[in-house]
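> predicted model and sequence below, questions to follow.
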Amino acid sequence: MFRTIIFSLITVALFASACKQKAAAPQARKVGPLSVEGFIVEPHNESENIEVPGSLLPVEETQIRPETSGRIVQLNIQEGSSVKKGALLVKLFDQDLQAQLKKLQVQLDISNRTVERQRDLLAINGISQQDFDLSALAVDNLKADIETTKISISKTEIRAPYDGKLGLRNVSLGAYVSPSDLLTSIRQVSQLKLEFSIPEKYAKNISPGYIVKFRVDGGAQEHHAKVLATEGNVDQVTRTLKIKAIVNENHAELVPGLFATVNLQLGKNANALMVPTQAVIPQARSKQIILLRKDSVKFLTVETGIRDSVFVEIVKGLKAGDTVITTGLMAIRPKSKLKVTKLNRYGSK
């Protein structure tokens with residue numbers, strides 16, 4: 001009997017304790033607003049820095065080949081030397097053409113004297129007009145033949161097309177060459193050109209006159225080049241636009257053929273709205289941010305632009321003056337009440 005009374009008292013005590021805990025539970029769930037930090041959106045001048053590979057090339061480079069076949073009788077190619085425009089580099093055998101030229105000149109002289117005599121005869125009706133015209137035509141034909149021969153002779157003289165620096169010589173004196181043979185090359189190295197390509201989304205950001213910065217492989221300093229022209233269309237395979245820039249600097253480390261790293265500031269926006277990257281919530285097919293509306297929140301779908309390691313640009317969905325929540329994002333629900341403990345701005349720490 002005594003044990004039964006003790007068991008009943010314990011049961012009553014446990015039941016009373018459970019009731020107290022149940023009554024206290026609703027009070028425990030009553031919590032205050034969630035403490036978060038905010039970021040005030042303000043417009044700023046921003047651009048995206050990108051690096052693309054490029055190549056330094058001579059502004060002009062020409063492979064020297066003969067226009068006609070022949071034997072080399074004079075060779076003036078000094079490897080690695082600088083030459084002036086019009087300098088004779090190679091002379092091919094042309095004695096046969098010179099003999100033909102002299103023959104034509106003698107025939108022309110005879111024909112000219114014949115025409116002069118016939119002109120006097122025509123004046124006194126000693127010959128017909130047709131005979132005189134035929135003699136005059138013969139003179140014109142000889143002049144045309146002489147001009148053709150002179151052109152053939154000029155083709156035996158290979159001259160520098162512009163001021164430049166010669167490359168290595170591929171032929172020797174006395175060799176028989178044809179138009180398919182490469183004699184040497186010439187490069188205009190007083191100026192260099194920088195060629196590189198940029199992603200298609202930046203095609204509208206670069207135009208002639210744009211200044212680019214670059215460094216060469218193994219170089220110690222930064223150099224500049226001015227954009228000369230862009231390709232007329234975007235490459236459909238690589239989805240890039242080819243750019244050509246002129247380098248006006250004359251520096252020892254700028255050697256044709258070197259690899260260059262080109263640094264560009266593209267996508268410039270004087271009114272970019274930047275927010276911390278942690279404020280953007282990735283979704284399956286979109287991105288969201290949480291705006292502060294007094295003490296409540298609003299989930300907003302946005303579109304992003306340029307970014308760096310800290311900030312990302314919002315190109316659609318925000319306006320200047322909005323306050324974006326940057327902490328406690330996973331705990332916030334559409335009807336959550338918030339308490340902002342700190343407001344940050346762009347550039348603040």
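Nice, I can see it. Numbering: from 1, shown residues only.
> neighbours of Ala144, just the number please.
Residues near Ala144, counting by other Cβ atoms under 10 Å, number 11. Backbone N, C-alpha and C define where each C-beta goes, glycine included.
> contacts only, for it.
For Ala144, the contact set (Cβ atoms under 8 Å, 6 or more residues apart in numbering) is empty.
> quick one, strands of the stretch 1-150 of the chain?
Along the stretch 1-150 of the chain, counting by DSSP state E, counting those that start in this stretch, strands occupy 34-40, 43-64, 70-75, 82-83, 88-92.
> right, and the ones you listed - which one's nearest Val255?
With Cβ to Cβ as the criterion, Val255 lies closest to strand 43-64 of the strands of the stretch 1-150 of the chain, at 7.0 Å.
> buried sites along that closest one?
With burial defined by 16 or more other Cβ atoms under 10 Å, the residues of strand 43-64 counted as buried are 46, 48, 52, 54, 56-60, 62, 64.
> for stretch 292-301, same thing?
For stretch 292-301, by 16+ other Cβ under 10 Å, it's 292, 297.
> quick one: contacts of that stretch?
Contacts for stretch 292-301 (Cβ under 8 Å, 6+ apart): 33, 38, 283, 286-291, 317-318, 323-325, 332, 334-340.
> filter those down to the buried ones.
By 16+ other Cβ under 10 Å, the contacts of stretch 292-301 give 38, 287-291, 317-318, 323-325, 332, 336, 338 as buried.
> I'd like the residues you listed as a markdown table, with distance to Leu166 appended.
A markdown table is the format used below for those (distance: Cβ to Cβ, whole Å):
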| residue | distance to Leu166 |
| --- | --- |
| Gly38 | 68 |
| Lys287 | 59 |
| Gln288 | 65 |
| Ile289 | 63 |
| Ile290 | 68 |
| Leu291 | 69 |
| Gly317 | 62 |
| Leu318 | 61 |
| Thr323 | 68 |
| Val324 | 64 |
| Ile325 | 68 |
| Ile332 | 73 |
| Ser336 | 77 |
| Leu338 | 75 |
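> show me these that map onto strands.
If you go by DSSP state E, these have 38, 287-291, 323-325, 338 in strands.
> just flag the most distant two among these.
Counting by Cβ to Cβ, the most remote pair of those is Lys287 and Leu338, 20.7 Å apart.
> buried residues, stretch 85-100. List them.
Neighbour count says stretch 85-100 has 89-92, 94, 97, 100 buried, by 16+ other Cβ under 10 Å.
> of the residues you listed, which is the nearest to His251?
Closest to His251, out of all of the buried residues of stretch 85-100 and judged by Cβ to Cβ, is Leu89, at 28.8 Å.
> which ones are touching the residue lying closest to that closest one once chain neighbours are set aside?
Spatial nearest neighbour of Leu89, chain neighbours left out: Ile158 (5.0 Å); criterion: Cβ to Cβ, 6 or more residues apart in numbering. By Cβ under 8 Å, 6+ apart, the residues touching Ile158 are 64, 66-67, 88-92, 183.
> checking my notes, Ile158 in a strand, right?
Yes - according to DSSP: H, G, I helix; E, B strand; the rest coil, Ile158 belongs to a strand.
> any low-confidence regions in the stretch 1-150 of the chain?
1-32 (pLDDT under 70).
> kindly recompute the last result at 50.
For the stretch 1-150 of the chain, applying pLDDT under 50 flags the ranges 1-2, 22-30.
> redo the ones in strands among the buried ones among the contacts of stretch 292-301 as TSV? Include distance to Glu313.
TSV is the format used below for these (distance: Cβ to Cβ, whole Å):
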residue	distance to Glu313
Gly38	19
Lys287	12
Gln288	16
Ile289	12
Ile290	18
Leu291	17
Thr323	17
Val324	13
Ile325	18
Leu338	25
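> and these, which is closest to Val83?
Among these, and counting by Cβ to Cβ, the member closest to Val83 is Lys287, at 61.6 Å.
> please name the bridge partners of that closest one.
With DSSP bridges applied, Lys287 shows beta-bridge pairing to Pro282, Val302.
> and it, what does it touch?
Neighbours of Lys287 in contact, by Cβ under 8 Å, 6+ apart: 280-281, 301-304.
> what does Leu291 give?
So Leu291 contacts 297-300, 322-325 (Cβ under 8 Å, 6+ apart).
> would you list those in JSON lines and tack on pLDDT and distance to Val237?
Converted to JSON lines, the contacts of Leu291 look like this (pLDDT from 0 to 100; distance: Cβ to Cβ, whole Å):
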{"residue": "Val297", "pLDDT": "85", "distance to Val237": "46"}
{"residue": "Lys298", "pLDDT": "87", "distance to Val237": "44"}
{"residue": "Phe299", "pLDDT": "90", "distance to Val237": "41"}
{"residue": "Leu300", "pLDDT": "88", "distance to Val237": "38"}
{"residue": "Asp322", "pLDDT": "88", "distance to Val237": "42"}
{"residue": "Thr323", "pLDDT": "90", "distance to Val237": "46"}
{"residue": "Val324", "pLDDT": "90", "distance to Val237": "40"}
{"residue": "Ile325", "pLDDT": "91", "distance to Val237": "44"}
